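Trainee: Have a look at this prediction, sequence included:
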Amino acid sequence: MDVLSQLVSATRMGRPRSFVVECHPPWARRYSAVPGAGLHLILEGSVYLVSPGGAITSLAVGDVLLLPAGSDHVLADDPAREVRQLVDDSSGQYDDGVVAIGPDGPRSPGPRSVMLCGVYFFDQGRRHPLLGRLPDVLHLPARLGRQGDLGATVSLLADELSARRPGSDAAVSSLLDLLFIQILRSWHEQHPDAAWSTALEDVFVGKALSTMHDQPDRSWTVADLADLVGLSRAAFAKRFTHLVGQSPVTYLTWWRMTVAGQLLRSTDLLLAQIAARVGYATEYAFAAAFKREYGVTPGSYRKNSL
């Protein structure tokens with residue numbers, strides 16, 4: 001499995017949620033912060049995003065909006081509109097359905113706006129260093145001409161949410177996963193100089209990342225990884241730290257503990273088995289490292305995740 005797929009899989013918590021919103025003018029809604037990434041796709045009409053810092057972004061049909069840190073924000077038909085209602089994306093109250101909202105007061109002339117909204121839940125304490133360096137608001141305008149695969153997925157997802165056919169729950173969850181990956185791909189293609197994009201594509205750092213992800217059980221040293229990619233120890237460590245934002249050893253520990261957390265949440269493996277899978281010789285060494293990273297013992301973490 002490639003690095004991007006692994007990092008999304010390992011840090012995700014539960015299944016994503018989504019719903020279609022129909023808004024009639026005048027309207028303005030504040031979306032609360034969520035423990036993950038927030039998503040909006042404009043299916044019909046026009047929408048304004050008002051970010052927490054007050055920045056205003058105009059959104060049109062086909063535009064995709066991802067908030068990687070799940071920050072609170074306002075969507076409205078007019079950026080000057082008074083906000084009258086809170087929408088909690090994480091509550092499940094609109095889970096996988098269609099909801100009509102507004103107008104706030106007497107209806108104003110103008111077309112309705114239709115959006116597909118969603119939440120990808122992630123362990124906020126385990127945000128990937130590469131994804132953590134994305135901007136707070138990731139806007140993919142439709143006019144940039146990247147609507148091929150992404151547009152097809154959006155259409156399928158909107159159809160599944162509207163029709164509610166047998167099997168829709170599984171289809172919606174899978175399509176949301178696909179959509180998230182496609183959004184990250186599109187951003188990567190449009191911003192090839194972004195640090196995390198460069199790290200994944202770098203012939204040296206990319207190979208080291210892939211190797212650590214595939215074999216977290218190996219007793220890797222900086223010298224081992226440098227030899228593997230064909231650089232000196234100093235050159236490799238400097239290059240890796242610059243592109244990833246962490247030293248190779250710090251990143252390896254982060255990845256091992258992230259994998260361990262996923263295994264504790266999703267499997268019944270014994271602690272000794274998990275320890276071996278993430279490169280620790282004993283259960284005790286693993287438990288000590290895990291508590292340093294998470295602040296709780298592996299057993300407590302597993303119990304609280306049920």
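Mentor: Here it is on my side, so go on. All values reported here derive from a predicted model rather than from experimental measurement. Numbers count the residues shown, from 1 in each chain.

Trainee: and the next element down the chain from the worst-scoring helix or strand of the chain on mean pLDDT?
Mentor: Lowest mean confidence among the helices and strands of the chain (mean pLDDT, DSSP states H and E): strand 98-101, at a mean of 57. Downstream of strand 98-101, the first helix or strand assigned by DSSP states H and E is strand 113-121.

Trainee: Let's test this: mean pLDDT of that following strand, rounded?
Mentor: Per-region confidence: strand 113-121 scores 88 on mean pLDDT.

Trainee: mind checking the SS state of Arg30?
Mentor: When classified by DSSP: H, G, I helix; E, B strand; the rest coil, Arg30 comes out as strand.

Trainee: Identify the residues contacting Phe121.
Mentor: 12-17, 34-36, 90 (Cβ atoms under 8 Å, 6 or more residues apart in numbering). Where C-beta positions appear, they are placed from N, C-alpha and C, glycine not excepted.

Trainee: In those residues, which residue is surrounded by the most others?
Mentor: Counting neighbours by other Cβ atoms under 10 Å, Gly36 comes out on top of those with 26 neighbours.

Trainee: Isn't that residue up against Gly118?
Mentor: No. Using Cβ atoms under 8 Å, Gly36 makes no contact with Gly118, being 9.7 Å away.

Trainee: Quick check: closest non-adjacent residue to Leu150.
Mentor: Setting aside the residues directly before and after it, Leu150 is nearest to Gln182 in space (Cβ to Cβ, 6 or more residues apart in numbering), at 4.7 Å.

Trainee: Just give the number of residues close to that neighbour.
Mentor: Neighbour count for Gln182, taken as other Cβ under 10 Å: 20.

Trainee: Can you classify it by secondary structure?
Mentor: helix.

Trainee: pLDDT value on it, please?
Mentor: We have a pLDDT of 86 for Gln182.

Trainee: OK, contacts around it?
Mentor: Residues in contact with Gln182, defined by Cβ under 8 Å, 6+ apart, are 149-150, 153.

Trainee: Only whichever of these are buried, select them in ChimeraX.
Mentor: Buried members of these can be picked out in ChimeraX with the line below, counting by 16 or more other Cβ atoms under 10 Å:
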select :150,153
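
Trainee: Now flag whichever of the contacts of Gln182 is closest to His188.
Mentor: Of all those, His188 sits closest to Leu150, with 12.7 Å by Cβ to Cβ.
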